[in-house]
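Enquirer: After the sequence you'll find the predicted model.
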Amino acid sequence: MHVDLTLLMINAAAVGTIHTLVGPDHYLPFIVLSRTRKWSLPKTAWITLACGLGHVGSSVVIGLIGYALGASLKHLSIIEAFRGEVAAWILIAFGLVYAAWGLHRARRTGPDGHTHSHGGFMHSADHVHDPKTGETINLTPWILFIVFAFGPCEPLIPLFIYPAATSGWAAAFAVAAVFAIATLVVMVSVVLASAFGLERIPLRTWGRYSHALAGASIALTGGAIQVFGH
């Protein structure tokens, strides 16, 4: 059966756009962390892009391996559903830990807005030091990448498998590429637009509990995924 590749690519772009817009987990964590951690817009864009690539790329790899091994679409969907469960729970755990760290930090922050304690949990919760150079390695972007690498793109597997089965691998990768581009463009655009807008709001408006609120919003996002689906 001949597949209208152009129609498939248009459909992939539409699905990628809608799937990203209706899923706040695609952009909310980056928005709140960009503001509370004072990331620059270029850094925010690069972190969002890297996590988005992990998000889409993992589903492409699973679809490619599964189809090559003869796995059915039903089996691949089960795998993707399991990955979604894992990703949601990681997001919830990360949000709760970050919120706890934020509360601890708020209690240690004086009225002048400066932190007066530098030891223990508060000092090491969000980073480690390179044992060779002593340089600080921020764990937050890496945790986000792991979450998004586990997080599946459920619509991508059918979009990838169908043209692979009917029109060949070139068509499958073309459709997947269009889906990925649409997803990444929407993710980065929403995150940067929101981050730019929030830069206009003084951080002190958020109060000492900005990190705790950011963590809580991330945990709630993971909870929403569990309740309403991925």
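Expert: Done, it's in. Residues are numbered from 1 along each chain as shown.
Enquirer: packing partners for the lengthiest helix in the chain?
Expert: Secondary structure of the chain per DSSP state H: the longest helix is helix 73-107. Under the contact criterion of 3 or more C-beta pairs under 8 Å, 6 or more residues apart in numbering; DSSP states H and E, helix 73-107 touches helix 41-68, helix 120-124, helix 140-150, helix 156-166, helix 210-228. Placement of C-beta: from N, CA and C, glycine included.
Enquirer: want to throw these into CSV with mean neighbour count, mean pLDDT and distance to Ala87?
Expert: Listed next are those as CSV, based on neighbours: other C-beta atoms under 10 Å; pLDDT from 0 to 100; distance: least, C-beta to C-beta, whole Å:
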stretch, mean neighbour count, mean pLDDT, distance to Ala87
helix 41-68, 19, 89, 9
helix 120-124, 12, 44, 25
helix 140-150, 19, 85, 4
helix 156-166, 20, 77, 15
helix 210-228, 19, 85, 8
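Enquirer: Compare these and report which one is nearest to Ala193.
Expert: Nearest of these to Ala193, taken as C-beta to C-beta: helix 41-68 at 10.2 Å.
Enquirer: For the residue nearest in space to the middle of the chain, list the residues it contacts.
Expert: Central residue of the chain (C-alpha atoms, centre = their mean): Phe148, 4.3 Å from the mean position. The contact partners of Phe148, taken as C-beta atoms under 8 Å, 6 or more residues apart in numbering, are Cys51, Gly52, Gly54, His55, Ala87.
Enquirer: what about 6 Å?
Expert: Cys51, Gly54, His55 (C-beta atoms under 6 Å, 6 or more residues apart in numbering).
Enquirer: can you list these in a markdown table and add distance to Lys74?
Expert: Output for the contacts of Phe148, formatted as a markdown table (distance: C-beta to C-beta, whole Å):
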| residue | distance to Lys74 |
| --- | --- |
| Cys51 | 28 |
| Gly54 | 25 |
| His55 | 22 |
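Enquirer: Which residue lies closest in space to Val190, excluding its sequence neighbours?
Expert: Excluding its sequence neighbours, the residue lying closest to Val190 (C-beta to C-beta, 6 or more residues apart in numbering) is Tyr27, at 4.5 Å.
Enquirer: For Gly52, see how far away that neighbour is.
Expert: 10 Å (C-beta to C-beta, to the nearest Å).
Enquirer: ok, back up a step: export the helices and strands packed on helix 73-107 to JSON lines and append columns for distance to Leu33.
Expert: Putting the helices and strands packed on helix 73-107 into JSON lines (distance: least, C-beta to C-beta, whole Å) gives the following:
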{"stretch": "helix 41-68", "distance to Leu33": "8"}
{"stretch": "helix 120-124", "distance to Leu33": "17"}
{"stretch": "helix 140-150", "distance to Leu33": "6"}
{"stretch": "helix 156-166", "distance to Leu33": "25"}
{"stretch": "helix 210-228", "distance to Leu33": "6"}
